[in-house]
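Engineer: here's a sequence, model it:
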Amino acid sequence: MENIEFRIPYKLSQIIYVISKDIAKNGFRNTNFCLYTNEDEEVASLDLICYLDPTITDDDEEVYPDFVINESLEFFYDGQQFEDVLMNVLHQKKQASIDDFIMGINYYMEHDTFMDF
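Structural biologist: Predicted coordinates:
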């Protein structure tokens with residue numbers, strides 16, 4: 001992923017823009033990251049501040065990275081699921097808007113399935 005760095009605050013809309021463009025150009029990347037926020041959020045919004053950091057697992061037990069613990073961040077979205085949702089939206093709408101992606105992300109969070117556009 002170009003232009004997105006770990007441990008830097010970004011608006012969710014910025015992350016969606018960069019990752020969706022990368023997916024449209026290069027396909028699914030299956031990169032190892034999760035999205036974290038300062039608060040326990042259950043709804044995606046354009047201005048939600050998120051941080052990306054690598055996923056660390058140990059024998060199927062989720063272990064949060066030191067940065068996430070030190071900054072008191074909360075898990076928001078798994079990176080692979082995030083990419084899957086963005087890919088699904090792009091598959092259905094070639095000219096998808098940021099709002100389309102937000103709707104798809106929220107729909108997946110609520111229903112554990114992809115939204116039909």
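
Engineer: following element in sequence after the worst-scoring helix or strand of the chain on mean pLDDT, please.
Structural biologist: When the helices and strands of the chain are scored by mean pLDDT, DSSP states H and E, strand 56-58 comes last with a mean of 69. The C-terminal neighbour of strand 56-58 among helices and strands, as given by DSSP states H and E, is strand 61-63.

Engineer: tell me the strands beside that following strand, with direction?
Structural biologist: strand 56-58 (antiparallel) (DSSP bridges).

Engineer: residue nearest the centroid of the chain?
Structural biologist: What sits nearest the mean C-alpha location of the chain, by Cα atoms, centre = their mean, is F82, with 4.1 Å.

Engineer: and D47, what does it touch?
Structural biologist: Residues near D47 by Cβ atoms under 8 Å, 6 or more residues apart in numbering: K11, L12, S13. Yep, even glycine has a C-beta here, placed from its N, CA and C like the rest.

Engineer: let me fix that: T113
Structural biologist: By Cβ under 8 Å, 6+ apart, the contact list for T113 reads Y107.

Engineer: helix, strand or coil: sort out E83 for me.
Structural biologist: Classification of E83 using DSSP: H, G, I helix; E, B strand; the rest coil returns helix.
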